[in-house]
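# quick one, structure for this:
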Amino acid sequence: MTSWLAGHGPTPHPVARGHALRLAILAVSVTAAPQQPDTAPKLIAASDCSSCHDVDRQVVGPSYSAVAGRYAGQSDAVEKLAAKIRTGGNGMTPHSDLTEAQRREIVQWILSQKGSGATPAQAETKLYAYTLRDGTAVQLDFPVFVDGKGPKVTRDVFRGYQLWNSYCYRCHGTDATGGQLAPDLRHSLAGGMKQRDFLSVTMAGRQEKGMPSWAGFLTEQDVASVYKYAKGRSLELVPSGRPPSEQD
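Have a look, this model is predicted:
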């Protein structure tokens, strides 16, 4: 019996030979046309996009699925959105550091998110009641103190204190008491400024007033913690200085 190929033993059975041929063709086709990895999520993670956007939930800017729905059917959607990513505007920071190819890849991924999943049902907000020094009763949508541990603030509030005294105090004053470079935020918060508005201003910044954008440096959770600390200070629930915490 003649050899199949020199040095590779006897000729295989016709069925086995056909199977081997199909495997060889498959291997060639895979090698010739490898699948391209989806790098858009990696580009988004490496940028500051996630500070202001989520797939199915509005953070500062609209959700990716909402953007996809808005631009559905528009033939120039990729060009419009890629230009928006490059130049920014209306609270969005410019991303000229990304190449045109990278911006277009991100846009194409965003546009593919239409119908990616239903927005989770809004959970019922739990309210926490506190009495202020003047006897006024207030309700907050987050706890200031650890339940059953008296004046000790929660981890979130204490984290906000740490972040404030690392970054915010330079302009807004130590203990959130106001500074020479920026206003006393206690007035805005006591007047009803919501967490969503606080997050939007912090992430987008206000260049005309000299406030930088913190998107990409602080996370959404970081800013939420800062808000809770500053809100507690505005109501004089959180004392000045280092507040006692559940970590002590």
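# mind splitting the chain into its structural domains?
40-111, 128-234 (automatic domain parsing).
# how long is the first one end to end?
Just to be clear, that refers to domain 40-111. In terms of CA to CA, to the nearest Å, the two terminal residues of domain 40-111 are separated by 12 Å.
# next one: the longest one
Domain 128-234 has an end-to-end distance of 16 Å (CA to CA).
# right, and the helix or strand after the lowest-mean-pLDDT helix or strand in the chain?
Least confident helix or strand, the chain: helix 14-32 with a mean of 43, by mean pLDDT, DSSP states H and E. Remark: after helix 14-32, the chain's next helix or strand is helix 40-46, criterion DSSP states H and E.
# other SSEs contacting that following helix?
Using 3 or more CB pairs under 8 Å, 6 or more residues apart in numbering; DSSP states H and E as the contact test, the elements touching helix 40-46 are helix 100-111. Just so you know, the C-beta spots here come from the backbone N, C-alpha and C atoms, and that holds for glycine as well.
# same for the helix it packs on, what does it pack against?
Helices and strands touching helix 100-111, by 3+ CB pairs under 8 Å, 6+ apart, are helix 40-46, helix 64-70, helix 77-87.
# for K228, what are its contacts?
Residues near K228 by CB atoms under 8 Å, 6 or more residues apart in numbering: F142, V144, T154, D156, V157, G160.
# correct me, but the second one touches V238?
Yes. The pair V144 and V238 passes the contact test of CB atoms under 8 Å, sitting 6.6 Å apart.
# I am finished for the moment; much appreciated.
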